[in-house]
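Colleague: sequence first, then the predicted structure, then my questions.
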Amino acid sequence: MRDFSQDHRWLSLNTATVRKQWPLDRIIEECARRDIRAISPWRDQVAAVGLDKVARQLRDTGIALSGYCRGGFFPAADAAGHQAALLDNRKAIDEAKTLGAPCVVLVVGSLPGALTGKPAYTDIGRARNEVFDGIAAALEYARQVGMPLAIEPLHPMQAAERACVNTLEHALDICDALDPQHSGALGVALDIYHVWWDPKLQQQIARAGAARLLAYHVCDWLLPTRDLLNDRGMMGDGVVELKKIRGWVEEAGYQGYSEVEIFSELDWWQRPGEEVLDTCVSRHRSAV
Ligand code: ZN
């Protein structure tokens, strides 16, 4: 297992971690200042600064991407909705290409409209079928342009609104069905916040192997968790056995970045961005 204690060369910053403090261009500057070698930006943050400007800034600073957030949200009420979702995913794939991302992270979606409290239907089995078909369609385009897709299984507490793929096993089943040759075109983004509790985690990480493990996201699970979406902890502040899980991931062959992704309405989004980044660096050395 790699030694993270001496430097932070394998730290990537998911830029949502300081989204409340700074726009993306400032985030990139602050990362460059701290020798953070990679980021994973969100589409709205890129759009706010401008795609070409961000691409240029990444080239100028030498900062790489560890992923691009995000595509997905495939289920829809009707055919027009499916078409719109597919077009939007193609756009995300094109943007990822421009930015030199290694993959597009997919938050696959679930009951259409549930995010606003008014789902068009309540059949989660139907949503799963639509997710499968949506990934298949997006994958066709992604293969053409050479952009891998990474399915991110989300914690089951988000099964209605954000993702009806809730375990690594389910995500890998989809990968095996759509990419039986393990080509590298389809894999998973493993986010410990969503999967740490899973009794099959070690087994499924081994099943995934290096060809399917496209991204690895870290934070921590706080006691108590006060908000289902935006109360992620800083690494070392919660109950996730981060080093043990990274050991499994590396044993499976993963040698990429560990990407710090912390949505924290009540704590880290309230603090100065400089403090957040400095803490990410020090905890990456001590706790990840
Ligand atoms: Zn994540």
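Modeller: Ah, there it is. Numbering: from 1, shown residues only.
Colleague: just the mean pLDDT for stretch 22-32, thanks.
Modeller: What stretch 22-32 shows for mean pLDDT is 98.
Colleague: tell me the buried residues in it?
Modeller: Neighbour-count burial for stretch 22-32, counted by 16 or more other CB atoms under 10 Å, picks out W22, L24, I27, I28, E30, C31, A32. From N, CA and C alone the C-beta is placed, and that goes for glycine too.
Colleague: next: stretch 38-51.
Modeller: Buried residues in stretch 38-51 (16+ other CB under 10 Å): A38, I39, S40, P41, W42, R43, Q45, V46, V49.
Colleague: contacting residues for the fifth one?
Modeller: W42 makes contacts with T15, A16, R19, C69, R70, as judged by CB atoms under 8 Å, 6 or more residues apart in numbering.
Colleague: distance of it from the ion?
Modeller: From W42 over to the ion the distance is 11 Å, taken as CB to the ion, to the nearest Å.
Colleague: tell me which residues form a beta bridge with that residue?
Modeller: C69 (DSSP bridges).
Colleague: quick one: is the helix or strand H194 falls within near the ion?
Modeller: Taking DSSP states H and E as the definition, one finds H194 inside helix 192-195. No: shown here: helix 192-195 not in contact with the ion (CB under 5 Å from the ion), separated by at least 6.9 Å.
Colleague: how far away from the center of its chain is that helix?
Modeller: Taking the mean of its C-alpha atoms, helix 192-195 sits 11 Å from the chain's own mean (CA atoms, centre = their mean, to the nearest Å).
Colleague: now do it: which elements does it pack against?
Modeller: If contacts are counted by 3 or more CB pairs under 8 Å, 6 or more residues apart in numbering; DSSP states H and E, helix 192-195 sits against strand 213-218.
Colleague: after the strand it packs on, which helix or strand is next?
Modeller: helix 242-251.
Colleague: buried stuff in that next one?
Modeller: Quick answer for helix 242-251 (16+ other CB under 10 Å): L242, I245, R246, W248, V249, E250.
Colleague: and the nearest residue to Q6 once chain neighbours are set aside, how many neighbours does it have?
Modeller: Spatial nearest neighbour of Q6, excluding adjacent residues (CB to CB, 6 or more residues apart in numbering): R285 at 7.4 Å. With neighbours defined by other CB atoms under 10 Å, the count for R285 comes to 16.
Colleague: I figured R285 hits R2, correct?
Modeller: No: judged on CB atoms under 8 Å, R285 makes no contact with R2 at a distance of 11.9 Å.
Colleague: what residues does the stretch 101-250 of the chain have near the ion?
Modeller: D191, H217.
Colleague: and the strands in the stretch 101-250 of the chain?
Modeller: 104-107, 149-151, 186-191, 213-218 (DSSP state E, counting those that start in this stretch).
Colleague: I'd like the ones you listed laid out as a markdown table, including mean neighbour count.
Modeller: Conversion of these to a markdown table gives the following (neighbours: other CB atoms under 10 Å):
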| stretch | mean neighbour count |
| --- | --- |
| strand 104-107 | 27 |
| strand 149-151 | 27 |
| strand 186-191 | 27 |
| strand 213-218 | 26 |
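Colleague: so which of these gets nearest R128?
Modeller: strand 149-151 (12.3 Å; CB to CB).
Colleague: the closest one: partners in the sheet, and parallel or antiparallel?
Modeller: With DSSP bridges as the test, strand 149-151 pairs up with strand 104-107 (parallel), strand 186-191 (parallel).
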